[in-house]
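**Student:** Here is my input; please provide its structure:
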Amino acid sequence: MAIKGNYKGIVISRINNIGSDATPKRVVVLDASDPDGFTTPSGAGVFPLGGLVRDLRFESGFTPDGHSGNIQISGVMDLECKGTITAWHFVKIGDTAGLLSDAGAVDSLSDGATQTNVVGIALESGTAGSYISVWLNPSVIFLA
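**Tutor:** Next up is the predicted model:
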């Protein structure tokens, strides 16, 4: 069941330093060489900044390189899946495109040594290429 409606959350602005147009509804990371910028993840499981909001200034919705883009860092947001995701599981960055992967069940939290950087919690299930509502809460957690 999809959650419908308008969502509120904290949004910050950063400059697109990707080198090309940035795709909305994907996870971006802080640009390590420029704290005023964002970029795509260097790989799966890196620490997320948040989800890139669709840029209504441009018909495509993409944020052009060198332009400021809005990044939602809390609240509920629709994000794109890389693979199968189960509702009420943690989600993390799944690849360098900023697509989501399933990180495991919420009840799998432990005091173990397996550190996982998560984007938040999936509020619905999804499959590759679909968009799901995610309760954004970028965090470092430990899973069993």
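
**Student:** use CA for all of it now, contacts and neighbours both
**Tutor:** Fine.

**Student:** Tell me how far Ile85 lies from Ser13.
**Tutor:** Counting by C-alpha to C-alpha, to the nearest Å, the gap from Ile85 to Ser13 is 28 Å.

**Student:** Of the two, which one has the most company?
**Tutor:** Taking neighbours as other C-alpha atoms under 10 Å, Ile85 and Ser13 compare with Ile85 leading, 24 against 16.

**Student:** dump the residue contacts of that one.
**Tutor:** Ile85 is in contact with Val91, Ser101, Asp102, Ala122, Ser125, Gly126, Thr127, counting by C-alpha atoms under 8 Å, 6 or more residues apart in numbering.

**Student:** Pull the number of nearby residues for Pro48.
**Tutor:** 24.

**Student:** and if you look at Asp34?
**Tutor:** So Asp34, with other C-alpha under 10 Å, has 12 neighbours.

**Student:** Make 648 the first number, not 1, from now on.
**Tutor:** Sure thing, new numbering starts at 648, so read that last one as Asp681.

**Student:** Please report phi then psi for it.
**Tutor:** As for Asp681, its main-chain torsions (degrees, to the nearest 10) stand at phi -150, psi 100.

**Student:** helix/strand/coil for Asp712?
**Tutor:** Judged by DSSP: H, G, I helix; E, B strand; the rest coil, the three-state class of Asp712 is coil.

**Student:** show me what contacts it?
**Tutor:** Contacts of Asp712 (C-alpha under 8 Å, 6+ apart): Ile662, Asn663, Asn664, Ile665, Gly666, Ser667, Asp668, Ala669.

**Student:** What is the burial count for Ala691?
**Tutor:** As a burial measure, Ala691 scores 17 neighbours (other C-alpha under 10 Å).

**Student:** for Val700, that is, sorry about that
**Tutor:** Count around Val700 with other C-alpha under 10 Å applied: 24.

**Student:** And it, how far from Ser772?
**Tutor:** In terms of C-alpha to C-alpha, Val700 sits 21 Å off from Ser772.
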